[in-house]
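Student: below are the sequence and a predicted model; questions follow.
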2 protein chains.
Amino acid sequence: MVSDARFSKVHIGDLRVPMREILLSNGERVRLYDTSGPYTDRSATTDLTQGLPPLRREWILARGDVAARDEGPLRATGAPVTQLAYARAGVITREMEFVAVREGVPPEFVRDEVAAGRAIIPANVNHPETEPMIIGRNFLVKINANIGNSAVTSSIEEEVDKMTWATRWGADTVMDLSTGKDIHATREWIIRNSPVPVGTVPLYQALEKVDGVAADLSWEVYRDTLIEQCEQGVDYMTVHAGVRLAYVPLTARRKTGIVSRGGSIMAAWCLAHHRESFLYEHFADMCELLAAYDVAFSLGDGLRPGSIADANDEAQFAELRTLGELTAVARDHGVQVMVEGPGHIPMHKIKENVDLQRELCDDAPFYTLGPLVTDIAPGYDHITSGIGAAMIGWYGTAMLCYVTPKEHLGLPNRDDVKTGVITYKIAAHAADLAKGHPQAQAWDDALSDARFEFRWEDQFDLSLDPDTARSFHDETLPAAPAKTAHFCSMCGPKFCSMKISHDVRRFAAERGLAESEALAAGLAEKSAQFTEQGGRVYIPLTES
Amino acid sequence: MVSDARFSKVHIGDLRVPMREILLSNGERVRLYDTSGPYTDRSATTDLTQGLPPLRREWILARGDVAARDEGPLRATGAPVTQLAYARAGVITREMEFVAVREGVPPEFVRDEVAAGRAIIPANVNHPETEPMIIGRNFLVKINANIGNSAVTSSIEEEVDKMTWATRWGADTVMDLSTGKDIHATREWIIRNSPVPVGTVPLYQALEKVDGVAADLSWEVYRDTLIEQCEQGVDYMTVHAGVRLAYVPLTARRKTGIVSRGGSIMAAWCLAHHRESFLYEHFADMCELLAAYDVAFSLGDGLRPGSIADANDEAQFAELRTLGELTAVARDHGVQVMVEGPGHIPMHKIKENVDLQRELCDDAPFYTLGPLVTDIAPGYDHITSGIGAAMIGWYGTAMLCYVTPKEHLGLPNRDDVKTGVITYKIAAHAADLAKGHPQAQAWDDALSDARFEFRWEDQFDLSLDPDTARSFHDETLPAAPAKTAHFCSMCGPKFCSMKISHDVRRFAAERGLAESEALAAGLAEKSAQFTEQGGRVYIPLTES
C-alpha cells in the first residue's frame, strides 16, 4: 500500500503532523488521519534496534518541570506534569496543538475538553516517540489493538511486528498484554518503536513477579511494577481497582462468572485474604505516582459480563459506580482517566451502558471491548463485537478495543490482527459518520464519487484495505483493462446500472430538474392522501 | 459438520419438521432451527438430477383448488390459492402448522399474522420441494443469500452448489439473480433441488429476451416471463413497480444515482419512452397472475441509495410511498407481499427507514439489503452491512439479504457465500436476542455454559461455524488434550480467569450469598450518594 506512488506521507505545519495523502486520478488529493508513524514515510529510515526519533523530547524538557536521575527516566520535580494539569492551568501544550491539527479543531477546544476530563491525551514523559492523539467523545472515535506474548506461545519479534502492522492499518493505541517471560524486554521493544500510545495491565507483570500465585500479590510488588512501567514509558494503565471484596460474591450466580483476567486475579486475592482490594485501598497512592509521569488511568472493568446472559447485571454496575468514584479521585490528583466497558451485551442493552457510564463517571472517556452482541459465533467474534462496537461508538464511546477472529479460541496471528483492526476501523468510522463528523463524511463521499465515475484505482486506494479490494476485483476480472472499464463483474458489459444513472443526469439536465421534481412532489402528495385514506381504496393504476 | 455423530437431523411431529440436534458431552441435547434440507440427513439419499422429494405435493392437491394442464404446472382453478387467502378464511394450512412447529408458536398465531399481512409464507404451488418458512417481524429474523450466474462468469453446477452450501450454513431463502445465458435451466436446477423458497427478479430474464436493450421491454415480454417463472416454481419475485417516471429525475442530484439493477432498467425504459412504468401500470394484472400460483411479491426498492450521502433522500422515500400503495393493491388481490429496503444508510438514519416502511406499508414484512453503514471498506462489506443488518433486524426488519465480501468488486465464490451467510446469521440472531426471543437466548446460554465449564467440543459444536472454531483452536493448541484442558491459549495453564470464577462460586456457597449481596448493596448506596454530592468530595479510600 505505501510502496505505491499514489500514497504519500505529508507533514502539516510547524509540528509536522503526519497525514496520509492519496493522489486521485482526477488530480484531487485526499488527506486521511494516519496512525502508522515513520514506517510509512519513504523519506524516513527506521531501525527497530534504535527505536523511533524522540519527537516530543524537546517539548517535554522545555516545560522545565521534569528531571532525570543519572540520565535515567524523567519524572516530575514537583506538581503533576499531566496534560490535564496543564489544560486546567489554561496552557495549550504542543501535544494539544498537534492533536488539534490532526482532528481539524481549534487548539482551545482540545484544551477545554482535556480540562473538563471529557478527553485524554495519553503521553508519558518517558515515551517521547509517540505522536500525540486524543481520546474523547467529541473527537474521532479511536481503536486499540491488543498485542503481547503469552505463557504458551509467540516471540518478542512477532509482537513488535504486530505493533507496526496494527498501526499501519489504523490502530490508534496498542496494549501490550504480555504474560509470559520477557515481559520487560518485550515492552521495551514495543515502546521504543511505537508511534502510538502504549497501554498495559501492570497486574500481569506483578503476578509474574510472585510466580503466578494471586494470593502472594501485595501493594509493594504492585507499586514497584507501576514505577518500572511509568519509567519505561507506558502511556496508560489498566487498573482493576473497582473489583471490591463485596462485589465478588455478586458474580456467583452468573452464567460465566468473572472473565476479565485482571478482575479474576483481584477477586482471587480478595477471597484468599478476605480483605478489601489493595488496588482500591491504595488508589490515591497510585494517583500520585501516575501524576509524576503523566500516565493515564484506564479504569478496568474486572467484573464485565462474559456472556449475553450476564449483561448489565448488578456485579457489573456495582463496579461501574466504584469506577465513577475513582474517576473523581484521579481527577482530584490531576491524573487523566478513562473508564473501561464491556464485553458481551445484546444490542438492546448497549445504550444503557454508555448513559450510565457518562452519568456515573462524569463524562470521562469510555473505552469498551466490543461489545459482542451474541455468544454463538466463536471464530467470528470480530464481527459479533464489531456490531456492538459501531453502536456503542455512535452512542458516545471514545475508544473501541478490537477483538480478533481468534477471540475465545487462540492467539491472534498477523492476519488476525489486520482483520481485527480493519473491522474496528469500520466500526469507529461508522460511528463518526453517525455522529455527523464532517471529515468522516468526506471520506465516504470521495470513495462513492470514485465508484460512480468508474475510477477503479481511486476506489481501491481510498479503501480501508486497498490490497484486499484490488485482489478481490482481480479474482473476477483479472485483466488490466477491467480497471478502467465502465462496468464491473456483477452486471457485465451489456447492462450497467451506474451507466444508466449517467443517462438520467443527462435527461434531467435537458428536461429541467425543477419541472420533474414538481411532478414527483405532486405524486407523493397523492400517494400520501391514499395512505391517509387507509390504503384500501383501489386507485386506477393507468394514469398517463 | 454433519458427518460428525454429535450432529443429527431429527423430525418433529406428523409433519416431520426438521431440526438440527446436537448431543452435548453432558448428555444434554440442543435443537436448532435447520434450513439445510435433506442434504444433511444421513438417512436420506439425494440426487441433484432427480431433485428433492415433493414434500408439499399432497397438501397442495388435497386443497382441491389447483389443476394442471397435461400434467404440467399447477394453477388455481378459481379464487386465489395463497396462504393469505386461506388465513383470511380462517384456515390453518399444513404450511402454517409446519411453520408453527419450526418457530415454536401456536398455529393460530401463524395464521393470524399471515391474515394481517404482517408475515408471509412464500410457497409457490409449483415448488412442492420447499420446507415452509415464514417471514415476519414477530418470528425469527430470516436471511437470504443471492446466487446466480452472470454474463461474465460462473456455471450452473457452481450455482446449485452455492445454493446447497448457503442453506447448509443457514440461508432461509435464496435468490437466483442469474443474468447471462441459461437463465431458465439454472433456475430449474436450483428450484428442483432447493429446500428453501427461491426468489428471482423476473426483469433480468425479460431483459435477456430483448437482447439487453431496456427500451425494447414491454408488458407482454414481462408477463410471459412472469408466467414462465410462476409455472417453474419461483416463490417470490422482486418487482420494481415503484420506480415511477416522475421519480427518476429525483436521482439526478444524487452522488451515486440509481444503483439497483432493476431500478435502473426501469428508469432507462421510462426515460426512453417518456412514459409511466409498465410495471406500475400493470400491477393489478400481475397480482391476478401471482395469486393463481401463490407467488409472493417482494416490492423492489429500485431507487435505494447507493452511498451514505444519498441515504433517506426524496427519491428513496417517494418510491417507498408508492410501495405502500402497491402493498395495499396486492393485498386486495389476496397476494402475499413484502417490501424491500436499502442499501447504504449511516447508523443514525436506519431506524427512520423501518418506522416509515411500517407506517406506509401497513406492517408488511420489510426485507433489506444490509444496510451498509459506511462506503469506505470494499472487501469488507459483509461487515459494514452486517452492522446495519443487525440493527435494522432489531428495529423490526423481517428478512436480511446478505452481502458478501465481494460486494462492489466481483462475484462471490463458495467461501464468500459462507462468510456472507455466517455474518448474516450473526446479525439475524443478534436481532432475535435484542427482540427477546427465548429460543435465541437459550442458544447463547448453551454455548456460554459450555465455555464456562471448559467443554471445548461442545463449544465448537454449538458454534455457528464449528469447523472454523475448531481449526482456530487447533492453530494455537493443536494437541488433543487441549480440547479437554481447563485452560486456554490466551492465559495459559498457570492462571485462568474462568477457573477463579469457580472458586468464587465455592466461596459464595460457603459464606452465604445473601450476606455478601447486602454488603455490596450498602456500598453501592454509599457510592450513589457520593455521586449525588457531585463526585468532588474526597473520600478516604482506606476503609477496612
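Tutor: Okay, I see it.
Student: measure the residue nearest in space to the middle of chain A to chain B for me?
Tutor: Central residue of chain A (C-alpha atoms, centre = their mean): residue A:143, 1.2 Å from the mean position. Separation of residue A:143 from chain B (C-beta to the nearest C-beta, to the nearest Å): 14 Å. Any C-beta I mention is one placed from the backbone N, CA and C, and that applies to glycine too.
Student: and what of residue A:149?
Tutor: For residue A:149, the distance to chain B - C-beta to the nearest C-beta - is 10 Å.
Student: got it, and residue A:398?
Tutor: Taking C-beta to the nearest C-beta, one finds residue A:398 at 17 Å from chain B.
Student: that residue against residue A:119, yeah?
Tutor: Yes: contact criterion C-beta atoms under 8 Å: residue A:398 and residue A:119 qualify, at 7.3 Å.
Student: joint contacts of the two?
Tutor: Here residue A:398 and residue A:119 share the contacting residues A:135, A:136, A:137, A:139, A:365, scored by C-beta atoms under 8 Å, 6 or more residues apart in numbering or on different chains.
Student: list the ones among the residues you listed that fall in strands.
Tutor: Judged by DSSP state E, these include A:135, A:136 as members of strands.
Student: closest to chain B among the shared contacts of residue A:398 and residue A:119?
Tutor: For those, the residue nearest chain B by C-beta to the nearest C-beta is residue A:137; the value is 14.9 Å.
Student: which residues touch that closest one?
Tutor: Residue A:137 neighbours (C-beta under 8 Å, 6+ apart): A:118, A:119, A:363, A:365, A:366, A:396, A:397, A:398.
Student: report the contact partners of the second one.
Tutor: Taking C-beta under 8 Å, 6+ apart as the contact definition, residue A:119 lies against A:110, A:113, A:134, A:135, A:136, A:137, A:138, A:139, A:365, A:398.
Student: neighbour-wise, which of those leads?
Tutor: The residue in the contacts of residue A:119 with the most neighbours, by other C-beta atoms under 10 Å in any protein chain shown, is residue A:110 (30 neighbours).
Student: distance check, that one against chain B.
Tutor: In terms of C-beta to the nearest C-beta, residue A:110 sits 24 Å off from chain B.
Student: thought residue A:100 was touching that residue, still the case?
Tutor: Yes: with contact defined as C-beta under 8 Å, residue A:110 reaches residue A:100; the gap is 4.9 Å.
Student: circling back: which non-adjacent residue is nearest the residue nearest to the centre of chain A?
Tutor: residue A:424 (4.1 Å; C-beta to C-beta, 6 or more residues apart in numbering or on different chains).
Student: which secondary structure element is home to whichever residue of the stretch 401-544 of chain A sits closest to chain B?
Tutor: Residue nearest to chain B within the stretch 401-544 of chain A: residue A:501 (2.5 Å; C-beta to the nearest C-beta). Element membership for residue A:501, per DSSP states H and E: helix A:497-511.
Student: for that helix, the averaged confidence score.
Tutor: Mean per-residue pLDDT for helix A:497-511: 69.
Student: swap in stretch A:120-140?
Tutor: 98.
Student: ends of it, how far apart?
Tutor: For stretch A:120-140, the first-to-last residue distance is 13 Å (C-alpha to C-alpha, to the nearest Å).
Student: near chain B, anything from stretch A:75-93?
Tutor: No: against chain B, stretch A:75-93 shows no contacts by C-beta under 8 Å from any C-beta of the partner chain, the least distance being 13.9 Å.
Student: and what of stretch A:287-303?
Tutor: No: looking at stretch A:287-303 against chain B by C-beta under 8 Å from any C-beta, there are no contacts, and the closest approach is 9.3 Å.
Student: mind listing what's buried in that stretch?
Tutor: By neighbour count on 16 or more other C-beta atoms under 10 Å in any protein chain shown, the buried set for stretch A:287-303 is A:287, A:289-303.
Student: ditto for stretch A:240-255
Tutor: A:240-252, A:254-255.
Student: can you narrow those residues to ones near chain B?
Tutor: Intersecting the buried residues of stretch A:240-255 with the contacts of chain B gives A:244, A:246, A:247, A:248, A:249, A:250, A:251, A:252, A:254, A:255 (criterion: C-beta under 8 Å from any C-beta).
Student: correct me, but the third one touches residue A:315?
Tutor: The one in question is residue A:247. Yes: with contact defined as C-beta under 8 Å, residue A:247 reaches residue A:315; the gap is 5.8 Å.
Student: between those two, which contacts overlap?
Tutor: By C-beta under 8 Å, 6+ apart, residue A:247 and residue A:315 have these common neighbours: residue A:303.
Student: returning to what we had before: wait, what's in contact with the residue nearest to the residue of the stretch 401-544 of chain A closest to chain B when sequence neighbours are not counted?
Tutor: Closest residue to residue A:501 apart from its sequence neighbours, by C-beta to C-beta, 6+ apart: residue B:257 at 2.5 Å. Under the criterion of C-beta under 8 Å, 6+ apart, the contact list for residue B:257 reads A:452, A:497, A:498, A:500, A:501, A:502, A:504, A:505, B:251, B:264, B:306.
Student: only whichever of these are buried, select them in PyMOL.
Tutor: Buried residues within these, by 16+ other C-beta under 10 Å, are selected in PyMOL with:
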select buried, (chain A and resi 452+497+498+500+501+504+505) or (chain B and resi 251+264+306)
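Student: could you export the contacts of residue B:257 as JSON lines, including distance to residue A:86?
Tutor: Shown next, in JSON lines, are the contacts of residue B:257 (distance: C-beta to C-beta, whole Å):
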{"residue": "A:452", "distance to residue A:86": "47"}
{"residue": "A:497", "distance to residue A:86": "55"}
{"residue": "A:498", "distance to residue A:86": "52"}
{"residue": "A:500", "distance to residue A:86": "58"}
{"residue": "A:501", "distance to residue A:86": "53"}
{"residue": "A:502", "distance to residue A:86": "54"}
{"residue": "A:504", "distance to residue A:86": "56"}
{"residue": "A:505", "distance to residue A:86": "53"}
{"residue": "B:251", "distance to residue A:86": "52"}
{"residue": "B:264", "distance to residue A:86": "57"}
{"residue": "B:306", "distance to residue A:86": "47"}
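Student: which of the contacts of residue B:257 lies closest to residue B:164?
Tutor: residue A:497 (29.5 Å; C-beta to C-beta).
Student: about what we covered before: partners of the one helix or strand the residue nearest to the centre of chain A maps to, with directions?
Tutor: Secondary structure from DSSP H and E places residue A:143 in strand A:142-147. According to DSSP bridges, strand A:142-147 has the following sheet partners: strand A:173-176 (parallel), strand A:399-401 (parallel).
Student: in which helix or strand would I find the nearest residue to residue A:214 once chain neighbours are set aside?
Tutor: Leaving aside its chain neighbours, residue A:214 sits nearest to residue A:268 (3.8 Å; criterion: C-beta to C-beta, 6+ apart). Secondary structure from DSSP H and E places residue A:268 in helix A:261-273.
Student: show me which residues of that helix are buried.
Tutor: A:261, A:262, A:263, A:264, A:265, A:266, A:267, A:268, A:269, A:270, A:271.
Student: and those as CSV, adding pLDDT?
Tutor: Shown next, in CSV, are those (pLDDT from 0 to 100):
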residue, pLDDT
A:261, 91
A:262, 94
A:263, 95
A:264, 93
A:265, 93
A:266, 95
A:267, 94
A:268, 92
A:269, 94
A:270, 93
A:271, 90
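Student: of those, closest to chain B?
Tutor: Using C-beta to the nearest C-beta, residue A:264 is the member of the buried residues of helix A:261-273 that lies nearest chain B, at 3.6 Å.
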